[in-house]
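Peer 1: sequence unknown, structure follows:
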């Protein structure tokens, strides 16, 4: 798939507790995962792009605002590209798929929020596939925070 999309999960609750499941999340391409917990809600982690690596974002705790932008030229991207934004909440039980060819940026909307990130490449396979862009290139993050 060449465009970002949301994979919805479900929950089942009974007297024993809550079961959360993601039966539509095909994890066969996953090679590794890691978590990110921002020090506070002021931290903005943006923009990081990948030519070959696809990722899946899942919120374990709290809420994150995530921006994605499809890169048109890796050496000199257009400053007029328009990011697409997603709000992921642990309570909603959703995975955001980010295909290769995109840059992402995000921030926590709640203190102690935790983001789980899956990748389809090992660190060795993608060691040269971490392209950084200026945080303020496509968006004023303070405006996004206040929406």
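Peer 2: Nice, thanks for sending it over. The structure presented is a predicted model; accordingly, all values stated were derived computationally and were not measured. Numbering: from 1, shown residues only.
Peer 1: and for the helix or strand bottoming out on mean pLDDT in the chain, what's in contact with it?
Peer 2: When each helix and strand of the chain is scored by mean pLDDT, DSSP states H and E, helix 141-145 comes last, with a mean of 88. The contact list for helix 141-145 (CB atoms under 8 Å, 6 or more residues apart in numbering) reads 44, 46, 65, 67, 85, 105, 107, 135. C-betas here are computed from N, CA, C, even on glycine.
Peer 1: change it to 6 Å
Peer 2: Contact with helix 141-145 is made by residue 44, as judged by CB atoms under 6 Å, 6 or more residues apart in numbering.
Peer 1: tell me the contacts of residue 113?
Peer 2: By CB under 6 Å, 6+ apart, the residues touching residue 113 are 61, 62, 64.
Peer 1: would you mind giving these as TSV with pLDDT, secondary structure and distance to residue 114 added?
Peer 2: Listed next are those as TSV, based on pLDDT from 0 to 100; DSSP: H, G, I helix; E, B strand; the rest coil; distance: CB to CB, whole Å:
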residue	pLDDT	secondary structure	distance to residue 114
61	97	strand	4
62	96	coil	7
64	97	strand	9
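Peer 1: select from these the one having the most neighbours.
Peer 2: When neighbours are counted by other CB atoms under 10 Å, residue 64 leads the contacts of residue 113 with 25 neighbours.
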